[in-house]
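S.K.: take this sequence and fold it.
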Amino acid sequence: MLRGTRIEALDQARDALHQAESQWREVNVSAARLSVRAPADATVEALPYKVGERPPAGNPVVVLLRDGAPYARVYLPEPLRARVTAGTAAEVRVDGLDKTLAGRVRYVAREAAFTPYYALTQRDRSRLAFLAEVDVTDPGGAALPAGVPVEVRFPPGPVQR
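M.R.: Numbers count the residues shown, from 1 in each chain. Reported below is the predicted structural model:
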C-alpha cells in the first residue's frame with residue numbers, strides 16, 4: 001500500500017512538471033510575439049510615439065540608424081547616368097572636412113526620380129534625375145553623423161560596367 005502511494009505521488013509530480021513546462025513554452029511564445037527586434041545592429045534615432053499612445057497600423061514605431069559604413073543618397077543628373085553604375089568609384093566631399101573621402105556606388109535607380117511633365121522631350125531630358133546611393137569606403141568616414149550635407153563627384157572616364 002505504501003508503494004502505491006509513492007507511485008501515485010510520483011505520477012502527480014510528473015504531471016505537474018509537464019504542465020509547468022507547457023506553460024513555460026506558452027509564455028516564451030507570447031514573449032516572442034510581443035518583443036520587437038531590429039533587423040540589424042542600429043542606433044535609435046527617434047521614437048515618434050510616447051508610452052501609451054497607439055500608432056496607426058503600418059506606421060513606424062521607432063526610427064533606426066543602421067550601424068556600419070555611412071552612405072550618401074544623391075540624385076544623378078541624366079547626362080551622368082550612362083557612365084555611373086553600381087561599383088563606380090566616387091569622391092565624397094563632406095561639409096566641415098578638409099579631405100575628400102573615397103566612395104563606391106552601391107545602387108542606381110532604373111527609373112528617374114523626378115520626371116517633370118516638360119522633361120519628356122528630347123531637348124529637355126537632361127532634367128531627369130536618378131536616385132543613387134554611394135557607400136563611403138574611406139575609413140575616415142566611419143564616424144560621420146547622419147544627415148551631414150555631402151557633395152559626390154565621379155571622376156571623368158569611360159562607361160564602367
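
S.K.: buried ones in stretch 87-98?
M.R.: 88, 90, 92, 94 (16 or more other Cβ atoms under 10 Å). In this view, the C-beta of every residue, glycine as well, is placed from N, C-alpha and C.

S.K.: starting at the chain centroid, how far to the helix or strand that the third one is a member of?
M.R.: Assigned by DSSP states H and E, Val92 falls within strand 89-94. For strand 89-94, the distance between its averaged C-alpha position and the chain's averaged C-alpha position is 21 Å (Cα atoms, centre = their mean, to the nearest Å).

S.K.: after it, which helix or strand is next?
M.R.: Downstream of strand 89-94 (by DSSP H and E), the next one is strand 101-108.

S.K.: can you tell me the strand partners of the helix or strand of the chain with the lowest mean pLDDT and which way each runs?
M.R.: Lowest on mean pLDDT, DSSP states H and E among the helices and strands of the chain sits strand 63-66, with a mean of 82. Sheet pairing of strand 63-66 (DSSP bridges) gives strand 42-46 (antiparallel).

S.K.: quick one: average pLDDT of the helix or strand just after the least confident helix or strand of the chain?
M.R.: Sequence-wise, the next helix or strand downstream of strand 63-66 (DSSP H and E) is strand 71-77. The pLDDT scores in strand 71-77 average 90.

S.K.: next, the angle from strand 71-77 to strand 89-94.
M.R.: Here strand 71-77 runs at an angle of 110 degrees relative to strand 89-94 (axes from the mean of the first three to the mean of the last three Cα atoms, to 10 degrees).

S.K.: other SSEs contacting strand 71-77?
M.R.: Using 3 or more Cβ pairs under 8 Å, 6 or more residues apart in numbering; DSSP states H and E, the elements in contact with strand 71-77 are strand 101-108, strand 129-136, strand 150-153.
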